[in-house]
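Colleague: Quick one, fold the following:
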Amino acid sequence: MKNKGFTLIELLIVIALLGALAVGLLAAVDPFEQLKKGGDTSTRNTVSEFYNAAIRYYSSVNTFPWTADLATTQVYSLTSELTNIISAGELKTKFVELATSARLKKIYVTSTLGTTNSIAVCFMPESKSFQKDSNTMFSADGSTGTGCKSIGGATDCYWCVQ
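Modeller: Sure, this is the predicted structure:
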């Protein structure tokens, strides 16, 4: 009677091959880049939510919640303005808690009041895919940047909604 099964050496070879494939897969997927991309996606959603809330607030009250021009101000620093937007029902009551203070510190708002009444909300992406995104072509104040990765340059630029 002959024994059926695999020898120890055959099993070790298969395990070594599976290990090599797993290492190759991890290198291809780049988990740190995926984490950065997830963070950038979350920040982009927060940027869009804040921008839309500010526009809705402006539509309701006919002014932004700030009383003077904003020159590249962190959203996190706009505590009374955030309170006004939340009180008006344009943002969730737990917006700051859900967005986290660390994320809000990465988001910058620039606004001019008067005849233009404009607003730009921006953040600097960390992931390579967001840095190359076609919307990553601005300075922190929302003006068009130059030499951005998205247009073939080497310097970092901001992803903005305006």
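Colleague: mind listing the helices for the protein?
Modeller: Ranges of helices in the chain, per DSSP state H, are 8-29, 31-61, 79-87, 95-99, 101-104, 128-131.
Colleague: And the second one, how far out from the chain middle?
Modeller: Centroid separation between helix 31-61 and its chain, computed with C-alpha atoms, centre = their mean, to the nearest Å, is 7 Å.
Colleague: Next one, pLDDT for Phe32 please.
Modeller: pLDDT, Phe32: 85.
Colleague: And Ser77, by the same measure?
Modeller: 89.
Colleague: Mean neighbour count and distance to Gly114 for the helices of the chain - can I get that in TSV?
Modeller: For glycine as for every other residue, the C-beta is placed from the backbone atoms N, C-alpha and C. What follows is these, written out as TSV (neighbours: other C-beta atoms under 10 Å; distance: least, C-beta to C-beta, whole Å):
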stretch	mean neighbour count	distance to Gly114
helix 8-29	10	49
helix 31-61	16	13
helix 79-87	15	18
helix 95-99	16	28
helix 101-104	15	27
helix 128-131	17	32
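Colleague: could I get those helices as JSON lines with distance to Leu70?
Modeller: Shown next, in JSON lines, are the helices of the chain (distance: least, C-beta to C-beta, whole Å):
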{"stretch": "helix 8-29", "distance to Leu70": "40"}
{"stretch": "helix 31-61", "distance to Leu70": "10"}
{"stretch": "helix 79-87", "distance to Leu70": "9"}
{"stretch": "helix 95-99", "distance to Leu70": "18"}
{"stretch": "helix 101-104", "distance to Leu70": "15"}
{"stretch": "helix 128-131", "distance to Leu70": "24"}
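Colleague: wait, which of those helices is closest to Cys148?
Modeller: Nearest to Cys148 among the helices of the chain is helix 128-131; the distance by C-beta to C-beta comes to 8.1 Å.
Colleague: Check which helices and strands the closest one sits against.
Modeller: helix 31-61 (3 or more C-beta pairs under 8 Å, 6 or more residues apart in numbering; DSSP states H and E).
Colleague: quick one, which of the helices of the chain is nearest to Asn117?
Modeller: Closest of these to Asn117 is helix 31-61, at 7.1 Å (criterion: C-beta to C-beta).
Colleague: Against which helices or strands is the closest one packed?
Modeller: So helix 31-61, by 3+ C-beta pairs under 8 Å, 6+ apart, packs with helix 79-87, helix 95-99, helix 101-104, strand 107-112, strand 118-123, helix 128-131, strand 158-161.
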